[in-house]
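K.L.:
model the structure of this input:
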Amino acid sequence: MTEGAMRVEPAEEIGWDLALGHARREVGRLAALMGVDVLDTRPEAEFDALVQRAAAHFEVPISLVSLVDADRQWFKAAVGLPASHETPRAQAFCDHAIRDSAVLVVPDAAADPRFADNPLVTGAPNIRFYAGAPLTLPEGARLGTLCVIDTVPRPDFSPEAAAALAALAEAASALLARRQP
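P.N.:
As a prediction, the model looks like this:
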C-alpha cells in the first residue's frame, strides 16, 4: 500500500451499511409522517385530551404530542407551550426518543452530555426532566412522541411511570394510524 493511501477496515464498511440503513429508514419514516397528513393542522380535541391527561397524571408543567419532521419538531398538542409551537430538530429531545422503541427518560438534562448545552435546557422553557414515548404506526415508523417535561430534575421516574406514558403514546399512535390512507 502506498504512503497516504487509506485502507477501509470491515468496521468502517459496516458503518457505511448502518448509515445507509438509517437513511433508508428515515426516508420511510418521513414518508409515513407525510402519509398521516397531520403536520401544521389545527388542534384536535383527542390529542389535546391526551396531553392534558399526561400533564395531570405526571404533575408536569409541559406535555406534548410532538412530530419530528425533516428539520423541525412540531407540536400537534401541547400543555405549557403554544400548540403551534415548533423547534429545530437539532434541539429536539424527541429526535433522540424516536431512535428507539423504548421510552426515553432524561432525569436531569443539565447533567446529561447530550442535552446540557441545548438552548431548551439553558434557556426557556428550561427543561431539566424529559420522558418521551415514541408514537409508532403499525408498520413500525416512529413519527414523534408523547412526552412530559419538567423544569426540575426527576431522578425517580419509575418503570411503572414509563409504562403509563407508553400507554398514552399508544393511544396517540392509534389516532395517527386512523389517518393513514
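K.L.:
after the helix or strand of the chain with the lowest mean pLDDT, which helix or strand is next? Please name it.
P.N.:
Among the helices and strands of the chain, helix 10-35 carries the lowest confidence by mean pLDDT, DSSP states H and E, at a mean of 70. The first helix or strand that comes after helix 10-35 along the chain, using DSSP states H and E, is helix 45-58.
K.L.:
so for that following helix, what gets flagged as buried?
P.N.:
For helix 45-58, the neighbour count (16 or more other CB atoms under 10 Å) marks 47-48, 50-51, 53-55, 58 as buried. (Glycine included, C-beta is placed from N, CA and C.)
K.L.:
which among the residues you listed gets closest to N126?
P.N.:
A55 (16.4 Å; CB to CB).
K.L.:
for R25, see how far away the closest one is.
P.N.:
To R25, A55 is 31 Å away according to CB to CB, to the nearest Å.
K.L.:
I figured D108 hits F157, correct?
P.N.:
No. Contact criterion CB atoms under 8 Å: D108 and F157 do not qualify, at 10.8 Å.
K.L.:
the two: who's more crowded?
P.N.:
Higher neighbour count among D108 and F157: F157, with 20 against 17, using other CB atoms under 10 Å.
K.L.:
would you map the strands across this protein?
P.N.:
With DSSP state E as the criterion, the chain has strands at 62-68, 72-79, 86-88, 104-106, 129-136, 142-150.
K.L.:
could I get the contacting residues of the residue nearest to H96 when sequence neighbours are not counted?
P.N.:
Excluding its sequence neighbours, the residue lying closest to H96 (CB to CB, 6 or more residues apart in numbering) is L104, at 5.9 Å. By CB atoms under 8 Å, 6 or more residues apart in numbering, the contact list for L104 reads 93, 96-97, 130-132, 145.
K.L.:
mind checking pLDDT for L104?
P.N.:
pLDDT for L104: 96.
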